[in-house]
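1. Using only what follows, build the 3D model:
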Amino acid sequence: MAIVINKEKKRVDLTTEVQKISGIDIRSCLQCKKCSSGCPVSALTKVHPSDIIRGLQLNAGDKLFDSDLVWMCASCETCFERCPMKINMAAVMDALRILAVRNNASRQKGNVALFNKFFLKTVRMFGRTYDIGMIAAYKLGTSSYLKDTDKFPMMLLKGKIALTPSFKADKKYTNRIFARKHDRINS
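-> Numbering: from 1, shown residues only. Have a look, this model is predicted:
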């Protein structure tokens, strides 16, 4: 899907904001499209990673928030590994999501933001994810209390989910990560 830029409408300067948050120089992209050809999610989306970068290069503004890839990116960093210029698309997508939420322009489908919120909350609390706590909070948030509960006993038996959180993580290190991320977002 092509990103159409409307010249008459004043656009938000996302490029500068994305570069500030992500630390990525958007202008260095060669548009070789290696990121798009290797992206495992691009087959499911209308817009590809190279389209996002090109839209930023052309200052497409808040039009990029409409992209389904911004919310579906798995942050697997396959694009980063394939990129000859080493552009970290996962960081760019994170920056776009941050700006979409900050500008009240988030248009993600489903409960992606809610899942992310509870996932990060458990990481912040325990230094690593606590599956049961995250799942319980997510189920309460979505009011889908019994959906997928038939899978829980087998996951428990196979050791895929622990009943209690792990307290082995270095909380000071985790807190520094969250503080640094918070500083980059708010600066």
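2. What is the least confident helix or strand in the protein?
-> Lowest on mean pLDDT, DSSP states H and E among the helices and strands of the chain sits helix 171-186, with a mean of 72.
3. which secondary structure element contains Phe115?
-> Using DSSP states H and E, Phe115 sits within helix 112-126.
4. I'd like the next helix or strand past that helix.
-> helix 131-142.
5. Are there helices or strands packed against that next one, and which ones?
-> Helix 131-142 sits against helix 112-126, with contacts defined as 3 or more Cβ pairs under 8 Å, 6 or more residues apart in numbering; DSSP states H and E. C-betas here are computed from N, CA, C, even on glycine.
6. and the helix it packs on, which residues are buried?
-> For helix 112-126, a neighbour-count test (16 or more other Cβ atoms under 10 Å) marks 115, 118-119, 122-123, 126 as buried.
7. That one vs helix 131-142, what angle?
-> 140 degrees (axes from the mean of the first three to the mean of the last three Cα atoms, to 10 degrees).
8. Walk me through the domains of the protein.
-> In terms of domains, the chain is parsed into 14-102, 112-186 (source: automatic domain parsing).
9. In which helix or strand does the residue nearest the centre of the chain reside?
-> Computing the C-alpha centroid of the chain and ranking residues by Cα atoms, centre = their mean puts Asp94 first, at 4.5 Å. Using DSSP H and E, Asp94 sits in helix 89-102.
10. can I have that helix written out in CSV, keeping just the CAs?
-> Extracted C-alpha coordinates of helix 89-102, given in CSV (Å, rounded to 0.1, in the frame of the first residue of the first chain):
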residue,chain,number,x,y,z
MET,A,89,13.4,-0.7,12.5
ALA,A,90,12.2,-2.1,15.8
ALA,A,91,13.4,1.1,17.5
VAL,A,92,11.7,3.2,14.8
MET,A,93,8.4,1.2,15.3
ASP,A,94,8.7,1.7,19.1
ALA,A,95,9.2,5.4,18.5
LEU,A,96,6.1,5.6,16.2
ARG,A,97,4.0,3.7,18.8
ILE,A,98,5.1,6.1,21.5
LEU,A,99,4.3,9.1,19.4
ALA,A,100,0.9,7.7,18.4
VAL,A,101,-0.1,7.2,22.0
ARG,A,102,1.4,10.5,23.0
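11. Give the buried residues for that helix.
-> Going by neighbour count (16+ other Cβ under 10 Å), the buried part of helix 89-102 is 89-100.
12. now stretch 163-177
-> Of the residues in stretch 163-177, 165, 174 count as buried by neighbour count, 16+ other Cβ under 10 Å.
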